[in-house]
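**Student:** One predicted model, sequence on top.
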Amino acid sequence: MIKVEHLHYSYVIGKKGKQSSVPVLKDVCFEINKGEIVSIIGRSGSGKSTVLNLLSGYIKADSGKLTINSTDVTDLNEKQWAKFRLDHFGFIFQNYELIPGLTAFENVELPLTLKGIDRKTREGKAHEMIQKVGLSEHKGHYPNELSGGQQQRVSIARALITEPMMILADEPTGSLDSETEAEVLSLIKQLNKDQQITFLIITHDQEVANIGNRTLKIHDGMMKQEGGVYFEAN
């Protein structure tokens, strides 16, 4: 489903004329198969979030190749990436990224609105997603009226509503207590099992990483190789 080949990425610091390049990712290679839960684990600054931003087209690699669902997306422009993300990915963020002025239901419905789906269809789908994550009684509540765990469930429902081929989760439990974290991770595992949704989870927490089928370890911008492969089986 996803094939990453020899990705390099650096960022530039300093003022014009006195700029220098700081390597972030160095020759990163890995693959993700359909239906897997794959975790990328690393310390802060190791490059794990940069990998996610490259996979979703928010930044462009200096070199290398990225293939998603048999499509070479390496050189897509910003407009092409925006459409590709909407059609192929769902996103779960550490801080939920819900729109404060929209209810839980309206936040879940939003991606279908952006896709131009008619009102009846998108409302029916939003009801289905809200029910799937166990928030039917809270669909009319605004984000500030929900607990952290409830907000993350709204975020998951929003990620699911477009029926994406893959969900990219950036520290999805980083703002949650341990009990709520366990509930959210259980929901991710259940969705993966029931619907064969592929998940890529970015985390610094080994316990979170352990829910995956495989864990990719990144250190100083390089994937750790063990036994000749770019991952460590759980």
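**Tutor:** Perfect, thanks for sending it. Numbering: from 1, shown residues only.
**Student:** For the protein, which segments count as helices?
**Tutor:** Counting by DSSP state H, the chain forms helices over residues 48-55, 78-88, 104-114, 119-132, 148-160, 178-195, 206-209, given from the N-terminal end onward.
**Student:** Ok, which of those helices comes nearest Lys34?
**Tutor:** Set against Lys34 and scored by CB to CB, the helices of the chain come closest in helix 178-195, at 11.1 Å. All C-beta atoms are positioned from the backbone trio N, CA, C, and that covers glycine.
**Student:** so that closest one versus helix 119-132, what angle?
**Tutor:** Computed by axes from the mean of the first three to the mean of the last three CA atoms, to 10 degrees, the angle separating helix 178-195 from helix 119-132 equals 120 degrees.
**Student:** Would you mind pulling up the elements that helix 178-195 packs against?
**Tutor:** With contacts defined as 3 or more CB pairs under 8 Å, 6 or more residues apart in numbering; DSSP states H and E, the secondary structure elements packing on helix 178-195 are strand 37-41, helix 148-160, strand 198-203.
**Student:** Compare these and give me the one nearest Val73.
**Tutor:** Closest to Val73 of these, according to CB to CB: strand 198-203, at 15.0 Å.
**Student:** Point to the residue nearest the middle of the protein.
**Tutor:** Nearest to the geometric centre of the chain sits Leu168, at 1.5 Å (CA atoms, centre = their mean).
**Student:** returning to what we had before: now the helices and strands packed on helix 178-195 in JSON lines, with mean neighbour count and distance to Ser56?
**Tutor:** Putting these into JSON lines (neighbours: other CB atoms under 10 Å; distance: least, CB to CB, whole Å) gives the following:
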{"stretch": "strand 37-41", "mean neighbour count": "25", "distance to Ser56": "13"}
{"stretch": "helix 148-160", "mean neighbour count": "24", "distance to Ser56": "12"}
{"stretch": "strand 198-203", "mean neighbour count": "24", "distance to Ser56": "10"}
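**Student:** Make TSV out of the ones you listed and add distance to Glu181 and mean pLDDT.
**Tutor:** Putting the helices and strands packed on helix 178-195 into TSV (distance: least, CB to CB, whole Å; pLDDT from 0 to 100) gives the following:
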stretch	distance to Glu181	mean pLDDT
strand 37-41	14	93
helix 148-160	8	94
strand 198-203	11	94
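**Student:** For Ser136, find the nearest of those.
**Tutor:** Each of these has some distance to Ser136 by CB to CB; the shortest is helix 148-160, at 10.7 Å.
**Student:** what does the closest one contact?
**Tutor:** 90-93, 96-98, 104, 107-108, 110-111, 126, 129-130, 132-135, 138, 141, 143, 146, 167, 172-173, 175-177, 180, 183-184, 187-188, 191, 197 (CB atoms under 8 Å, 6 or more residues apart in numbering).
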